[in-house]
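**Student:** Below are the sequence and a predicted model; questions follow.
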Amino acid sequence: MKKELCIIVFILLCLTLRYDKPLFTKFYYQIESIKHPNSIQVLVNKNHQLSSHYVPKDLEVISNQYAYDEKYLRKEARLSFERLSEEASTLGYRIIGVSAYRDYDYQKKLYQYYVDTKGKEYADLCSARPGHSEHQSGLAIDVMGSNLDYNLFEESEEFTWMSENAHHYGFILRYPKGKEQITGFKYEPWHYRYVGVELATTLYQKNLTLEEYFH
C-alpha cells in the first residue's frame with residue numbers, strides 16, 4: 001500500500017512538472033528560432049527569437065493622425081490600428097502610437113541602454129533582448145492617450161476603452177497585470193499586439209496570454 005502511494009505521488013509530481021515547463025518559467029533558456037516570422041499569430045518572446053536579418057516586407061507608415069513621427073506596422077496591423085484610432089476619436093478618445101516597428105539593431109541599442117543605466121535585472125523586465133522583441137515583428141505598438149504620456153496610459157480615459165475594445169480590431173494587451181511570471185515582462189498597459197480579430201477575441205474572453213494559448 002505504501003509503495004502504491006509513493007508511485008501515485010511520483011506520477012502526480014511528474015504531471016505537475018510537465019504542465020509548468022511550457023509556461024516559460026526559465027526565460028532565455030533553450031531558445032527556439034522562429035520558423036514562420038510572417039505569421040500574424042507569431043509568438044515572439046524570451047524563448048522564441050527572430051533572426052537578426054528579419055524585416056517584414058509589408059511595413060507601411062501609420063497615418064500621422066494616429067502616430068507621432070514615422071511609425072511603421074505591417075499592412076494588416078496598420079489598417080486595423082488606424083480604424084481603431086479613428087473610431088475611438090468619434091467617441092472623443094485620442095489614441096496615438098508612439099513606438100511601433102523596431103529593427104534588430106535598434107532593439108540591441110535600446111536593451112543595452114537599459115543595461116547600462118538600470119542594470120541587467122531591470123533591463124530584462126522592461127526591454128526585450130535583440131531578436132526577442134515583438135516590435136521587430138511589425139505587429140506591436142505602444143500607445144498613449146489624451147494625457148500625452150504612454151507611461152501613464154493606464155491613468156488616461158482611453159485605457160479603459162482600449163481594454164474593453166481593442167480585441168474588436170485584432171489587438172491584445174500583451175503584457176497584462178498578474179501574468180508577469182508567464183510573459184517574463186512587467187505589466188505594460190501601453191503595449192498592444194496585433195493577432196487578428198478571431199484570436200484576439202478568444203484571448204480576451206478567456207483572459208489568456210499568447211504563451212498560455214500556445215501552451
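**Tutor:** Sure, I can see it.

**Student:** Settle this for me: residue 202 is touching residue 208, isn't it.
**Tutor:** Yes - using CB atoms under 8 Å, residue 202 is in contact with residue 208, at 7.5 Å. All C-beta spots, glycine's among them, are computed from the backbone N, C-alpha and C.

**Student:** So which of these two has more stuff around it?
**Tutor:** residue 208 (18 against 15; other CB atoms under 10 Å).

**Student:** measure the more buried one to residue 182 for me?
**Tutor:** 9 Å (CB to CB, to the nearest Å).

**Student:** the helices in the protein, which residues?
**Tutor:** 2-20, 75-90, 104-118, 120-126, 157-165, 180-183, 197-206, 210-214 (DSSP state H).

**Student:** For the last one, which helices and strands make contact with it?
**Tutor:** When you say that, I think you mean helix 210-214. helix 180-183, helix 197-206 (3 or more CB pairs under 8 Å, 6 or more residues apart in numbering; DSSP states H and E).

**Student:** again, 10 Å this time
**Tutor:** strand 48-49, strand 171-175, helix 180-183, helix 197-206 (3 or more CB pairs under 10 Å, 6 or more residues apart in numbering; DSSP states H and E).

**Student:** Mean neighbour count, the ones you listed: which tops it?
**Tutor:** Comparing the helices and strands packed on helix 210-214 by mean neighbour count (mean count of other CB atoms under 10 Å), strand 171-175 comes out on top with a mean of 24.

**Student:** Tell me how far that one lies from the chain's centre.
**Tutor:** 6 Å (CA atoms, centre = their mean, to the nearest Å).

**Student:** now do stretch 33-40
**Tutor:** For stretch 33-40 - counting by CA atoms, centre = their mean - the centre lies 15 Å from the chain centre.

**Student:** Likewise for stretch 193-203?
**Tutor:** Per CA atoms, centre = their mean, the displacement of stretch 193-203 from the mean C-alpha position of its chain is 12 Å.

**Student:** Kindly report the same for stretch 103-119.
**Tutor:** Per CA atoms, centre = their mean, the centroid offset for stretch 103-119 relative to its chain is 18 Å.

**Student:** what's the answer for stretch 205-215, then?
**Tutor:** How far stretch 205-215 lies from its chain's middle: 12 Å, per CA atoms, centre = their mean.

**Student:** Stretch 131-147 too?
**Tutor:** Stretch 131-147 sits 8 Å away from the centroid of its parent chain (CA atoms, centre = their mean).

**Student:** Endpoints of it, how far apart?
**Tutor:** 32 Å (CA to CA, to the nearest Å).

**Student:** Repeat that for stretch 118-129.
**Tutor:** Start and end residues of stretch 118-129 are separated by 14 Å (CA to CA).

**Student:** can you list the residues that contact that stretch?
**Tutor:** 27-28, 31, 44-46, 49, 102, 107-108, 110-117, 132-136, 175, 180, 184-186, 188 (CB atoms under 10 Å, 6 or more residues apart in numbering).
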